[in-house]
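A.B. asks: Below is the structure, and that's it, no one-letter string:
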């Protein structure tokens, strides 16, 4: 361990040895940022800095655990440091939320909280919001607790309190409701001596801001501060970093503006871009040597990202060879694209590649449905990261509407959708209906019930006289789901896209006779839900969104759906993307590209069935940014040679 610095390249060493003052480490993908932070912490301890005066903050428990383990391994291997480390002389390495818990517990009396205060998760938080709505004479069936919770969370991430928000709200309808409910919600949390997850950060920031003694205590305690993934910090996390470092200014942040892809969660790319302004005399170190990918992959990544203007200039390079060219597959439909991906992964696995070293990425969740089908058909083991298509709430809701319409004894389905969207029909009313006591229901409520069952009558008639896809479109429109989701948040847009994909699935049954069409669709959809697999913990190809792939790496990466308005993705009912939105889409593609170690496969289709209708799509503009010399055309050959054309046949049935 005497020559531990020899393990670092020159730029990493520069970052490690710059121990005093503000340091900005711009770490490109695969450039060894975790190693650099770990070695910097070890170097500080070895240089005589008390371990307890060092803090490192990350965003995930996994990242924090990995960093702790690396530091521990290095310290225990050092004869001088090992004993002290065993006795508890350790740096504080944890997440932002864990830091909040730590500070709040130590100052609980001053905050009017018990040391073991309750922490409310999002599920329980929604229950509190629902109670607050009722307390303020709002109908929880009419005002979605989830949306109100989301609005409150967004404000808390900006460092805004309930009182501040109430003072800023004018006469806008929804913000006024949010303000009223938020104030009531805070009273309920105070009564329970509880904080929600957002409070762990907000209360910490407010405490450090208002209490000079507390602020000075932690500034004296933690004199060397490290923050990982700084480009993903929101306003309140930025405030905490400033309050902790303002006296000594020994703050080292690590990040990459080119990997800022969470603005919709409140991440502010401006935090890393203005770091040098916030902390004068900053030492900037660029980590540009990539240890993950081939030169071909990095050349493509550099060409992709250099078109962005909102960034810190850097250029990734590697000592590795050129590697394989980037495969590009053009399918004539999303089905052919999906079967190409499944068959290509099968080919890789047969050649000796572990399924765990293969990832299939997509921009929008609805794309997963076709890919899942292709993987099941080809028998390739796969694991879905995230919720599987037929397990999604919105998909299950629509199927329940149809089943309830066709079977009035299906109370599980009726109970599921009678208030989707909200209709003001409570659980007690449902129980009376189920028990045959409709005469005991209040007249006003009974009228709502009659409207609901009248709607089911319409659904049943449509299902028996129309094609399956037309039935689902009718349900979406008449139930109110379409209006609710199309006018909602980005998450609602994603849900609506999943329902558009459900229409596409149903359209494959449209040439069957009315009645038979919806019956076949419902039957196969039930089978699809029961046969979706998570790989049973066996080695499996990973299917996930690009967002979910952040921080991961694989030997082989497939990026699918590379069509204009899909990737880059454009929200429905909106015009062209703004510069900021377009740059984030480009950063997202950059993140996808840099997940690969050995080879990338890019796939797109000429046509894609959207809402049951086949549409012609143009290739993504991102494809044109990759130098032609780095690409090669991919063809669908394996099953074609066997005389099996099912991969090109858009069969009307979901096959298993």
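C.D. replies: Yep, it's here. Computed from a predicted model, the values in this text were never measured in an experiment.
A.B. asks: my read: residue 469 touches residue 506, true?
C.D. replies: Yes. Counting by CB atoms under 8 Å, residue 469 does reach residue 506; the two are 4.3 Å apart. C-betas here are computed from N, CA, C, even on glycine.
A.B. asks: shared neighbours of those two, anything?
C.D. replies: Taking CB atoms under 8 Å, 6 or more residues apart in numbering as the criterion, residue 469 and residue 506 both touch residue 612.
A.B. asks: how near is the residue located most distally from the centre of the chain to residue 459?
C.D. replies: For the chain, the largest distance from the centre (CA atoms, centre = their mean) belongs to residue 439, which lies 47.5 Å off. Residue 439 sits 26 Å away from residue 459, going by CB to CB, to the nearest Å.
A.B. asks: One more: residue 335?
C.D. replies: Note on residue 335: its distance to residue 459, by CB to CB, is 28 Å.
A.B. asks: One more: residue 296?
C.D. replies: 53 Å.
A.B. asks: what about the two, which has more around it?
C.D. replies: residue 296 (25 against 22; other CB atoms under 10 Å).
A.B. asks: Read off the pLDDT value for residue 537.
C.D. replies: Looking at residue 537, its pLDDT reads 61.
A.B. asks: now the stretch 401-550 of the chain, which segments are flagged as low pLDDT?
C.D. replies: 527, 529-537 (pLDDT under 70).
A.B. asks: switch the cut-off to 80
C.D. replies: Scanning the stretch 401-550 of the chain for pLDDT under 80 picks out the ranges 426-427, 487-491, 523-524, 526-538.
A.B. asks: what sits up against stretch 57-77?
C.D. replies: So stretch 57-77 is in contact with 1, 4, 34-35, 37-39, 41-42, 45, 51, 56, 81-82, 85-86, 90-91, 93-96, 98-99, 225-229, 232, 241, 551, going by CB under 8 Å, 6+ apart.
A.B. asks: Sort out which of these are in strands and list them.
C.D. replies: 56, 93-95, 225-227 (DSSP state E).
A.B. asks: Let me have those in TSV, extended by neighbour count, distance to residue 543 and pLDDT.
C.D. replies: Formatted as TSV, the ones in strands among the contacts of stretch 57-77 follow (neighbours: other CB atoms under 10 Å; distance: CB to CB, whole Å; pLDDT from 0 to 100):
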residue	neighbour count	distance to residue 543	pLDDT
56	25	33	97
93	26	32	95
94	21	31	92
95	19	27	92
225	24	38	97
226	27	34	97
227	26	32	97
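A.B. asks: so which of those residues would you say is closest to residue 390?
C.D. replies: Using CB to CB, residue 95 comes nearest to residue 390 of the ones in strands among the contacts of stretch 57-77, at 33.1 Å.
A.B. asks: Quick check: beta-bridge partners of that closest one?
C.D. replies: The bridge-partner assignment for residue 95, based on DSSP bridges, gives residue 58.
A.B. asks: which ones are touching it?
C.D. replies: Residue 95 sits next to 57-61, 63-64 when contact means CB under 8 Å, 6+ apart.
A.B. asks: Buried among the residues you listed? Make that a ChimeraX selection.
C.D. replies: Selecting the buried subset of the contacts of residue 95 in ChimeraX, with 16 or more other CB atoms under 10 Å as the burial test, is done by:
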select :57,58,59,63,64
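A.B. asks: Format the contacts of residue 95 as CSV; extra columns: distance to residue 602 and pLDDT.
C.D. replies: Listed next are the contacts of residue 95 as CSV, based on distance: CB to CB, whole Å; pLDDT from 0 to 100:
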residue, distance to residue 602, pLDDT
57, 36, 97
58, 31, 94
59, 29, 90
60, 28, 87
61, 33, 84
63, 29, 90
64, 34, 91
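A.B. asks: how far is stretch 503-510 from where the chain is centred?
C.D. replies: 28 Å (CA atoms, centre = their mean, to the nearest Å).
A.B. asks: same question, stretch 430-448
C.D. replies: Stretch 430-448 has its C-alpha centroid displaced from the chain centroid by 41 Å (CA atoms, centre = their mean).
A.B. asks: Also stretch 274-289?
C.D. replies: 28 Å.
A.B. asks: mind listing what the nearest residue in space to residue 497 that is not next to it in sequence touches?
C.D. replies: Nearest residue to residue 497 in three dimensions, chain neighbours excluded: residue 366, at 4.5 Å (CB to CB, 6 or more residues apart in numbering). Neighbour list for residue 366: 389, 494, 497-498, 500-501 [criterion: CB under 8 Å, 6+ apart].
A.B. asks: List just the nearest of those residues to residue 465.
C.D. replies: residue 500 (22.8 Å).
A.B. asks: element containing the closest one?
C.D. replies: If you go by DSSP states H and E, residue 500 is part of helix 490-507.
A.B. asks: Run the chain-centre distance for that helix.
C.D. replies: That offset, for helix 490-507, works out to 18 Å (CA atoms, centre = their mean).
A.B. asks: Buried residues of it, list them for me.
C.D. replies: Under 16+ other CB under 10 Å, the buried positions of helix 490-507 are 492-507.
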